[in-house]
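Participant: here are the coordinates; sequence isn't available:
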């Protein structure tokens, strides 16, 4: 398989080389989300900032989330390569700074720098694949990225636990290697991308939506902050209410800015008129909630209830990773052969609903192998859901807006994950006191508990004095559970399992909503050309017709085509989903238009390509644009 970009031809081997560099970069971003969490307590103790350690995580989350849509829009305008190199470079700088941090405040600031780089690594990696690989082949390549994502989810806790548990490595404090290990891998990724990534790009001179970017920051910073800190502050506290109010004002300003900037907006509102894009974004948001929110409790269950160390808990999650890899590879191969993608998100959503419901049935005494089987089922659902949805959004998008489409879906998934984590952890810790208290009340009548109480009166007295039998604060430091006799610790484990069951049941309910949303995802034939090929074909069609280039025609034709085009481009006017409707001057489509009733801006032009009948949501089943031959 080869992919043509302009005059260049990318062979399968060249694509794999580019993929190697992109996967290294994405591996670092995904790894950094999990490797720090298991070591944060050690890091905070060493830097003397245990009480404010959460800000190191919050800072990374805020900057990476905000940067994601910015990378997508700017790379559509100026090209992918400079921004993926910038993202890797900033990530390297942030990693080095984190490694030399001397206080928790410095670490939080440097993690924010890291997040600026990480926000571009995810979205730009998928966007570049959209540039060089046709949608029909794209699914199997994107499966590699999901395999990297899953692998990093397992390796993160393992490596984090290893480095945090090591005093020194080569004379450097062990936990600092969590950040230093990024540097050689990121440098290799930087060199690979710099040398082999060559995607022809025609610069599009547009206004940059800086008001929208500022408004997005005003909206997201307080909302992400309260999502991370609200459980500690209290959701109804003055600080939380203030954050909600500022976020609401920022959201209103953002919508005004996006409406004002039309097709030049950071996130064009026009995109959401298309069914594919709106379903993909909404589905990704719900998937993020169920995935990140629900799975956040699994490592806690393995460590608290099963007594695993962070390293062991990471290894125990291996079935989940194998499930993600299997699901993504199988779906990718089948999509490449059949060109059909819709069934995989539907099946994947059903599997996730089933897995979350089964997780809610897991108790303190459930055998570990049964839990691992459910993990594998969950992984299959995730693997079959994540990459086909991105493929659908990219396939429906204007080829000149691949970056915006990809980053927006990624952005919504990240936001869903953040909200899910905040909601589910709040549910978990609000339920823990009553669940633990009920478990202790029930256990006190059993012979096993009474015998353990007589044998270890000091432990029982310590439990009563601290009040941990009825307080979620017992889990500020879970190590005490492992020091108790089995019969005395069992009520803690039962209470945690019971609270966790409620969390998973709520997650299953949310995923049911996600399943219903995914049912509305349309099936659009996958194109056999990459985005770069399509852009080259449009440029060639424009040149053959003797009309202005897409870039030159932008300014003069934006007004007449803004209702259709991704960015006012007459070379191929695009509907609300980004699907091609009309083509360049003297190269218009003759197909029936969508139900939105927008007229062809060039009805008198000669036919250019056979366009299929448009669906009710405005998406075309047309084939790729081909240059018009001179008559």
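Facilitator: Arrived safely. All values reported here derive from a predicted model rather than from experimental measurement.

Participant: how many other residues sit next to residue 311?
Facilitator: Neighbours of residue 311 under the rule other Cβ atoms under 10 Å: 17. Heads up, the C-betas are built off the backbone N, CA and C, glycines and all.

Participant: isn't it up against residue 163?
Facilitator: No: counting by Cβ atoms under 8 Å, residue 311 does not reach residue 163; the two are 10.4 Å apart.

Participant: overlap in contacts of these two?
Facilitator: Common contact partners of residue 311 and residue 163 (Cβ atoms under 8 Å, 6 or more residues apart in numbering): none.

Participant: wait, isn't residue 48 in contact with residue 102?
Facilitator: No: counting by Cβ under 8 Å, residue 48 does not reach residue 102; the two are 9.9 Å apart.

Participant: all helices of the stretch 51-200 of the chain, in order?
Facilitator: Ranges of helices in the stretch 51-200 of the chain, per DSSP state H, counting those that start in this stretch, are 54-78, 80-99, 104-132, 135-164, 177-180, 182-196.

Participant: hey, least reliable of these by pLDDT?
Facilitator: Across the helices of the stretch 51-200 of the chain, the stretch with the lowest average pLDDT is helix 135-164; it has a mean of 75.

Participant: who does that one touch, helix- and strand-wise?
Facilitator: helix 12-47, helix 104-132, helix 177-180, helix 310-316, helix 318-338, helix 368-396 (3 or more Cβ pairs under 8 Å, 6 or more residues apart in numbering; DSSP states H and E).

Participant: the shortest one - contacts with which helices or strands?
Facilitator: Looking back up the chat, that one is helix 177-180. When contacts are defined as 3+ Cβ pairs under 8 Å, 6+ apart, helix 177-180 packs onto helix 12-47, helix 80-99, helix 135-164.

Participant: ok, and what's touching that helix?
Facilitator: Against helix 177-180 from outside (Cβ under 8 Å, 6+ apart): 35-36, 39, 43, 95-96, 98-99, 159-160, 163-164, 166, 169, 172.

Participant: relative to residue 247, which of those residues is nearest.
Facilitator: Among the contacts of helix 177-180, residue 36 lies closest to residue 247 (Cβ to Cβ), at 25.5 Å.

Participant: pretty sure residue 421 contacts residue 291?
Facilitator: No: here residue 421 does not reach residue 291: they are 10.1 Å apart, not a contact under Cβ under 8 Å.

Participant: compare these two (neighbour count), which wins?
Facilitator: Applying other Cβ under 10 Å to residue 421 and residue 291 shows that residue 291 carries more neighbours, namely 25 against 21.

Participant: so which bits of stretch 85-98 are buried?
Facilitator: Under the neighbour-count criterion of 16 or more other Cβ atoms under 10 Å, stretch 85-98 has 85-88, 90-98 buried.

Participant: what is the neighbour count of residue 486?
Facilitator: Per other Cβ under 10 Å, the neighbour tally for residue 486 reads 9.

Participant: residue contacts, it?
Facilitator: By Cβ under 8 Å, 6+ apart, the contact set of residue 486 is residue 452.

Participant: just for the stretch 151-300 of the chain, where's the confidence low?
Facilitator: Filtered on pLDDT under 70, the stretch 151-300 of the chain yields the residue ranges 200-206, 293-294.

Participant: got the contact list for residue 344?
Facilitator: By Cβ under 8 Å, 6+ apart, the contact list for residue 344 reads 331, 334-335, 384-385, 388.

Participant: now with 6 Å?
Facilitator: 331, 384, 388 (Cβ atoms under 6 Å, 6 or more residues apart in numbering).

Participant: which residue comes closest to residue 20 once chain neighbours are left out?
Facilitator: residue 192 (6.1 Å; Cβ to Cβ, 6 or more residues apart in numbering).

Participant: same thing with residue 446?
Facilitator: Per Cβ to Cβ, 6+ apart, closest to residue 446 is residue 487, 7.7 Å.

Participant: go ahead and confirm that neighbour touches residue 452.
Facilitator: Yes: the pair residue 487 / residue 452 is scored as a contact, 3.6 Å apart, by Cβ atoms under 6 Å.

Participant: more neighbours: the two, which one.
Facilitator: Using other Cβ under 10 Å, the more surrounded residue of residue 487 and residue 452 is residue 452, with 21 against 18.

Participant: these two touch, right, the more buried one and residue 485?
Facilitator: Yes: using Cβ under 6 Å, residue 452 makes contact with residue 485 at a distance of 4.4 Å.

Participant: tell me where the stretch 201-350 of the chain has helices.
Facilitator: With DSSP H, counting those that start in this stretch applied, the stretch 201-350 of the chain shows helices at 210-233, 238-261, 275-288, 294-295, 297-304, 310-316, 318-338, 343-359, listed in chain order.

Participant: quick one: which of those helices is nearest residue 432?
Facilitator: Per Cβ to Cβ, nearest to residue 432 of these: helix 297-304, 10.5 Å.

Participant: now for that closest one, which elements pack on it?
Facilitator: Packing partners of helix 297-304 (3 or more Cβ pairs under 6 Å, 6 or more residues apart in numbering; DSSP states H and E): helix 310-316, helix 486-518.

Participant: ok so, going back, figure out which of the helices and strands packed on helix 135-164 is closest to residue 270.
Facilitator: Using Cβ to Cβ, the nearest of those to residue 270 is helix 368-396, at 12.7 Å.

Participant: ok and the next helix-or-strand element following that closest one relative to helix 368-396, angle-wise?
Facilitator: Note on helix 368-396: by DSSP states H and E, the next helix or strand toward the C-terminus is helix 402-443. With axes from the mean of the first three to the mean of the last three Cα atoms, to 10 degrees as the basis, helix 402-443 and helix 368-396 are set at 160 degrees to each other.

Participant: could we number from 16 for the rest of this?
Facilitator: With 16 as the first residue, the last one maps to helix 417-458.

Participant: would you mind listing the buried residues in the very next helix or strand once past helix 417-458?
Facilitator: Following helix 417-458 in sequence order, the next helix or strand is helix 462-470 (DSSP H and E). Across helix 462-470, burial judged by 16+ other Cβ under 10 Å covers 464, 467-468.

Participant: which residues are contacting helix 462-470?
Facilitator: The contact list for helix 462-470 (Cβ under 6 Å, 6+ apart) reads 458, 475, 500, 502-503.

Participant: for stretch 320-335, same thing?
Facilitator: Identification of contacts with stretch 320-335 by Cβ under 6 Å, 6+ apart yields 53, 169, 172-173, 176, 314, 317-318, 379, 387, 390-391, 394, 497, 508, 511-512.

Participant: redo that, cut-off 8 Å
Facilitator: Contacts of stretch 320-335 from elsewhere in the structure, counted by Cβ under 8 Å, 6+ apart, are 53, 165, 168-173, 175-177, 179-180, 310, 313-314, 317-318, 379, 383, 387-388, 390-391, 393-394, 496-497, 508, 511-512.

Participant: filter these to the buried ones?
Facilitator: Here, 16+ other Cβ under 10 Å leaves 53, 165, 168-173, 175-177, 179, 310, 313-314, 317-318, 379, 387, 390-391, 393-394, 496, 508, 511-512 buried among these.

Participant: is it true that residue 290 touches residue 538?
Facilitator: No: here residue 290 does not reach residue 538: they are 11.1 Å apart, not a contact under Cβ under 8 Å.

Participant: nearest residue to residue 41 other than its sequence neighbours?
Facilitator: Spatial nearest neighbour of residue 41, excluding adjacent residues (Cβ to Cβ, 6+ apart): residue 140 at 4.8 Å.

Participant: kindly report the same for residue 275.
Facilitator: residue 226 (7.7 Å).

Participant: can you get me a residue count around the one you found?
Facilitator: There are 18 residues near residue 226, going by other Cβ under 10 Å.

Participant: measure it to residue 77 for me?
Facilitator: Per Cβ to Cβ, to the nearest Å, residue 226 is found 20 Å from residue 77.

Participant: thinking again about what came up before, of the buried residues of helix 462-470, which is the nearest to residue 451?
Facilitator: Looking across the buried residues of helix 462-470 and measuring by Cβ to Cβ, the closest to residue 451 is residue 464, at 13.9 Å.

Participant: sweet, I'm off.
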